[in-house]
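Chemist: Provide a 3D model corresponding to the input given below.
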Amino acid sequence: MLVGLTYDLRDDYLAQGYGKEETAELDKADTIDGIDQALRSLGYNIRRIGNVRTLVELLAAGERWDIVFNIAEGLHGIARESQVPALLDAYRISYTFSDPTVLGVTLHKGMTKRLVRDMGIPTPDFAVIEKEEDLQGLSLPYPLFAKPVAEGTSKGISPLSLIHDQSRLHAACRAILERFRQPVLLETYLPGREFTVGIVGTGEKARAIGALEVLMLDKAEMQAYSYLNKADFEERIKYVLAEDETARQAIGIALRSWVGLGCRDCGRIDLRCDARGVPNFMEVNPLAGLNPDISDLPILCRQKGISFRDLIGMIMESALERVPAAGGSAVQAPSLALVP
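Modeler: Sure thing, here's the model as predicted:
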């Protein structure tokens, strides 16, 4: 089976003059190499495609693949993660991970929270601030937390994100509006434990890999899992496999959110506990980072005894279950027992 591999290589964009922060979500060469090697070890033939522009050129030239392993984040626009899967849908080429609608909606944190709230899933009260004037008449109680509405890798999150008064509120929102040219997600601040839950599978076959608790070390910015904390996680963050009752509650909420939002194959959901200790949905990452060494999902898998190769195999297995016509004689990864 021929598997195409779509991705945005960070070095390519840095070479074009883009900055380190604006390319922070994009993949490093060792991520692409790791996925490529894992897929080959599972018996797949691999064709590296690259980003959406290269995909357009290859499709126009008549090139096709049995299925595409898509981790392309895109760079421009709130719907940037939808660009590659939308093209593949147009050409009726199967691919891993979620469809364009899910990727477009879930990158917008405000839209996602509206859907999750309608499902009856706990999530902190919030407002989407599109201009500074929207802060007039705001009724959310302090403390509040501000972040860009459509960024990953904790971009735009810093100690300034935690807000205790109106003057700080205006300054924080103005900074995000000007810097990221997108709305601000403003939430009531949750003071409790923070988890990230890994999920594999689609619909009724979705299963939790487990829950990691994110603990701040002495050098960390304590208010949140910030951009600097993520960038320097080895010095600032400790990841602990959590298996207590609160973690099990977080897993249950994560699975409900994953299935309700229509996410597919594999990803992560981040949660944080309120003052009563109840896990609340914060955001979903249906296109989670897959660096073999430093991404949260592979770190979780290592703590659960799941190799990177088997993680990639489970992703392919889930995708091929959805598109059996693409399955052919592919070598499938072994099924692994996961937490229900």
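
Chemist: where in the stretch 51-200 of the chain is pLDDT low?
Modeler: 153 (pLDDT under 70).

Chemist: Please enumerate the helices of it.
Modeler: Ranges of helices within the stretch 51-200 of the chain are 52-60, 83-90, 100-107, 109-118, 166-180, based on DSSP state H, counting those that start in this stretch.

Chemist: closest to residue 303 out of those helices?
Modeler: Nearest of the helices of the stretch 51-200 of the chain to residue 303, taken as C-beta to C-beta: helix 100-107 at 25.2 Å. C-beta coordinates here come from the backbone N, C-alpha and C atoms, glycine included.

Chemist: Give the buried residues for that closest one.
Modeler: Buried positions in helix 100-107, judged by neighbour count with 16 or more other C-beta atoms under 10 Å: 100, 102-107.

Chemist: swap in stretch 36-46?
Modeler: 36, 38-39, 42, 44, 46.

Chemist: Now do that stretch, average pLDDT.
Modeler: For stretch 36-46, the mean per-residue pLDDT is 98.

Chemist: Would you mind writing the CA trace of that stretch as PDB?
Modeler: Taking C-alpha atoms only, stretch 36-46 is exported to PDB below (Å, rounded to 0.1, in the frame of the first residue of the first chain):
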ATOM      1  CA  ASP A  36       8.200   7.700   8.000                       C
ATOM      2  CA  GLN A  37      10.300   5.100   9.700                       C
ATOM      3  CA  ALA A  38       7.400   3.800  11.800                       C
ATOM      4  CA  LEU A  39       5.200   3.400   8.800                       C
ATOM      5  CA  ARG A  40       7.900   1.600   6.800                       C
ATOM      6  CA  SER A  41       8.500  -0.800   9.700                       C
ATOM      7  CA  LEU A  42       4.800  -1.600   9.600                       C
ATOM      8  CA  GLY A  43       5.100  -2.600   5.900                       C
ATOM      9  CA  TYR A  44       3.800   0.500   4.100                       C
ATOM     10  CA  ASN A  45       5.400   2.200   1.100                       C
ATOM     11  CA  ILE A  46       5.900   5.900   1.800                       C
END
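
Chemist: Centre of the chain to that stretch, how far?
Modeler: Relative to its chain's centre, stretch 36-46 lies at 23 Å (C-alpha atoms, centre = their mean, to the nearest Å).

Chemist: Walking through the stretch 1-150 of the chain, point out its strands one by one.
Modeler: Secondary structure of the stretch 1-150 of the chain (DSSP state E, counting those that start in this stretch): strands at 2-6, 45-50, 67-70, 94-95, 126-129, 144-148.

Chemist: okay, the angle between the second one and helix 83-90?
Modeler: In other words, strand 45-50. 120 degrees (axes from the mean of the first three to the mean of the last three C-alpha atoms, to 10 degrees).

Chemist: counting contacts, what elements does strand 45-50 pack onto?
Modeler: strand 2-6, helix 29-41 (3 or more C-beta pairs under 8 Å, 6 or more residues apart in numbering; DSSP states H and E).

Chemist: Would you mind giving both backbone torsions of the residue nearest the centre of the chain?
Modeler: Nearest to the mean C-alpha position of the chain, by C-alpha atoms, centre = their mean, lies residue 285 at 2.2 Å. Here is the backbone geometry of residue 285 (degrees, to the nearest 10): phi -120, psi 90.

Chemist: Farthest out from the centre of this protein, which residue is that? Tell me.
Modeler: The centre of the chain is farthest from one residue, residue 137, which by C-alpha atoms, centre = their mean lies 32.5 Å away.

Chemist: roughly how far apart are it and residue 184?
Modeler: Distance, residue 137 to residue 184, by C-beta to C-beta, to the nearest Å: 16 Å.

Chemist: Distance to residue 57 for the helices and strands packed on strand 45-50 - can I get that in JSON lines?
Modeler: What follows is these, written out as JSON lines (distance: least, C-beta to C-beta, whole Å):
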{"stretch": "strand 2-6", "distance to residue 57": "13"}
{"stretch": "helix 29-41", "distance to residue 57": "19"}
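
Chemist: What lies in contact with stretch 127-137?
Modeler: Stretch 127-137 is contacted by residues 110, 138, 140, 146, 149, 169-170, 173-174, 177, 183-186 when judged by C-beta atoms under 8 Å, 6 or more residues apart in numbering.

Chemist: still on that earlier bit, TSV for the helices of the stretch 51-200 of the chain, including distance to residue 249?
Modeler: Below are those laid out as TSV (distance: least, C-beta to C-beta, whole Å):
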stretch	distance to residue 249
helix 52-60	39
helix 83-90	32
helix 100-107	22
helix 109-118	15
helix 166-180	31
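
Chemist: so how far is residue 267 from residue 256?
Modeler: When distance is defined by C-beta to C-beta, residue 256 is 14 Å away from residue 267.

Chemist: Which residue of the two possesses the greater neighbour count?
Modeler: The neighbour comparison of residue 256 against residue 267 (other C-beta atoms under 10 Å) goes to residue 267, with 25 against 17.

Chemist: doesn't residue 288 make contact with that one?
Modeler: Yes: Residue 267 is within contact range of residue 288, at 4.7 Å (criterion: C-beta atoms under 8 Å).

Chemist: Determine the residues that are contacts of both of the two.
Modeler: Taking C-beta under 8 Å, 6+ apart as the criterion, residue 267 and residue 288 both touch 198, 297.

Chemist: Quick one: list the elements packing against the one helix or strand residue 260 maps to.
Modeler: For residue 260, the host element (DSSP states H and E) is helix 245-261. On a contact count with 3+ C-beta pairs under 8 Å, 6+ apart, helix 245-261 meets helix 100-107, helix 109-118, strand 194-200, strand 207-216, strand 266-273, strand 279-285.
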